[in-house]
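Peer 1: need a 3D model of the following:
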Amino acid sequence: MTLVSNRNLLGYLLGTQEIELHDAVRRVIARGYPRIINVGAADGYYAIGFLRQARR
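Peer 2: Okay, the predicted model is just below:
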């Protein structure tokens, strides 16, 4: 079992995976929702990103 997909490993490591969505993700975080449900999280890229930003 692989813990992280190697589809776009470099993008994951650099934080540039689907960079065109970063502004949309920032707007969702700025709304301060108490809970965000990520349906279909293959590698957890967004789930971890939301979690890290929500702690700030």
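Peer 1: shaky segments in this structure?
Peer 2: Counting by pLDDT under 70, the chain shows low-confidence ranges at 1-7, 41, 55-56.
Peer 1: now do the contacts for the residue nearest the centre of the chain.
Peer 2: The structure's the chain has its C-alpha centroid closest to residue 46; by Cα atoms, centre = their mean the separation is 1.7 Å. The contact partners of residue 46, taken as Cβ atoms under 8 Å, 6 or more residues apart in numbering, are 25, 38. C-betas here are computed from N, CA, C, even on glycine.
Peer 1: how about the one 4 residues further on?
Peer 2: Shown in contact with residue 50 (Cβ under 8 Å, 6+ apart): 25, 28-29, 36, 38.
Peer 1: now those residues in TSV, with distance to residue 54, neighbour count and secondary structure?
Peer 2: Converted to TSV, these look like this (distance: Cβ to Cβ, whole Å; neighbours: other Cβ atoms under 10 Å; DSSP: H, G, I helix; E, B strand; the rest coil):
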residue	distance to residue 54	neighbour count	secondary structure
25	11	15	helix
28	10	15	helix
29	7	16	helix
36	7	14	coil
38	12	13	coil
